[in-house]
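Chemist: I would like the atomic coordinates for the input below:
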Amino acid sequence: MNTFKIKQDAGLLALSLRLVVGWTYFSAFWRRTILANKLDPDTVSYIGEKFNHFLPNALGIKPLIQYLVENPDILWWNMVLFTIIEGIVGLCIMFGFLTRLMSIGVFGLAMGILLGSGWIGTTCLDEWQIGVLGIATGFVLFLTGSGKYSIDNYLIEKPLAITQKNWFAWLGSGTLPVKPLVFPRIVLIGSLSILGITLTTNQIFHGGLWGTLHNKSIKPKLELSNGTIIQNTLSFEVFRTEGVDVYGSWLIGIELRNAKNETVLQYNQEDLSALPKDHISNYYIDKVKPGAHSLILPLGAKAKLTLKHQDLSNLSKGTYTLKLTDISGLYWEHNISIP
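Modeler: Now for the predicted structure:
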């Protein structure tokens with residue numbers, strides 16, 4: 001069968017891509033296990049909390065992320081497995097061992113980053129760029145394989161029996177067993193598909209093609225739901241869905257007003273910083289919690305707040321407005337009815 005020969009020069013020219021993208025993934029393993037223990041759930045740098053940040057606006061894989069952050073033990077095992085895979089893929093890509101198989105790993109890891117966190121980035125659409133460039137790099141490395149400076153090439157030149165097998169060309173390096181007329185089509189279709197993924201996610205996450213540009217990492221946003229007032233207890237759910245991922249939203253005020261816009265209940269920042277922890281029921285790994293001067297809401301955190309006060313006991317029927325105020329001056333409102 002005639003085959004389209006991939007010259008060794010192609011793999012050689014991709015050496016810088018191999019080394020850089022390989023280190024990008026291996027360094028994740030290195031940071032989390034050697035430089036710092038980011039796999040310990042009891043530390044502030046736990047990688048599971050970063051994973052929780054992806055939840056509010058993930059594309060397509062949101063149910064999976066939600067399941068994991070609701071089940072901490074399963075999440076931990078997945079973070080360990082994910083870290084090991086990143087380490088193996090990165091190291092093998094750098095050394096050029098089973099390059100095409102590892103390039104599929106690069107593609108898959110990059111796709112996970114893109115779908116999970118492509119919406120995060122305060123300056124240059126950080127996570128989206130990492131995701132789409134990783135996908136493109138994985139595709140290119142699959143096409144080229146490794147060149148002169150690689151373990152694959154060393155095995156081919158020995159030569160070893162396994163390198164003569166058809167599967168080695170698909171999983172390692174060397175000549176791809178693809179017909180000359182088919183190979184350019186694979187390149188074109190793959191490239192256009194990746195461009196399509198790039199443009200689609202750019203539009204969905206950031207409005208990068210038309211309409212209004214938006215960046216969900218610039219300022220905090222809270223979603224309020226399921227508000228009830230029963231006897232002397234006000235309860236509601238709060239979910240932080242936008243804002244910078246490296247620090248929380250600082251809630252300095254909770255206010256309840258009646259239909260006449262009169263304040264019937266108010267908590268200031270001192271009250272919120274002293275809020276008992278049993279008044280907060282968290283759903284995920286990232287937790288809403290009292291801070292030194294406010295109530296802290298990390299990105300992706302969701303909790304049910306339960307506030308008990310005697311002033312709530314004598315409220316008349318009607319609609320009340322719940323208002324939460326951030327230290328930045330932003331506020332969010334939610335209507336609650338007493339039938």
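
Chemist: Next SSE downstream of the helix or strand bottoming out on mean pLDDT in the chain?
Modeler: Lowest by mean pLDDT, DSSP states H and E among the helices and strands of the chain is helix 8-13, with a mean of 81. Once the chain leaves helix 8-13, the next helix or strand it forms, by DSSP states H and E, is helix 15-30.

Chemist: Can you name every helix or strand that that next one contacts?
Modeler: helix 72-95, helix 99-117, helix 126-144 (3 or more CB pairs under 8 Å, 6 or more residues apart in numbering; DSSP states H and E). Yep, even glycine has a C-beta here, placed from its N, CA and C like the rest.

Chemist: when you compare where the last one runs with where helix 99-117 runs, what's the angle?
Modeler: In other words, helix 126-144. Relative orientation of helix 126-144 versus helix 99-117 (axes from the mean of the first three to the mean of the last three CA atoms, to 10 degrees): 160 degrees.

Chemist: Can you show me the CA trace of helix 126-144 as CSV?
Modeler: The C-alpha trace of helix 126-144 is given here as CSV (Å, rounded to 0.1, in the frame of the first residue of the first chain):
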residue,chain,number,x,y,z
ASP,A,126,-5.9,32.9,30.1
GLU,A,127,-7.5,29.5,30.4
TRP,A,128,-9.2,29.7,27.0
GLN,A,129,-5.9,30.4,25.3
ILE,A,130,-4.2,27.5,27.1
GLY,A,131,-7.0,25.2,26.1
VAL,A,132,-7.2,26.0,22.4
LEU,A,133,-3.4,26.1,21.9
GLY,A,134,-3.1,22.8,23.7
ILE,A,135,-5.7,21.2,21.4
ALA,A,136,-3.9,22.5,18.3
THR,A,137,-0.5,21.4,19.6
GLY,A,138,-1.8,17.9,20.4
PHE,A,139,-3.1,17.6,16.8
VAL,A,140,0.2,18.8,15.3
LEU,A,141,2.3,16.4,17.4
PHE,A,142,0.1,13.5,16.3
LEU,A,143,0.7,14.4,12.7
THR,A,144,4.5,14.8,13.1
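
Chemist: Report the buried residues of it.
Modeler: Buried residues in helix 126-144, counted by 16 or more other CB atoms under 10 Å: 127-128, 130-132, 134-144.

Chemist: And stretch 198-216, by the same measure?
Modeler: For stretch 198-216, a neighbour-count test (16+ other CB under 10 Å) marks 198, 201-202, 205-206, 208, 215-216 as buried.
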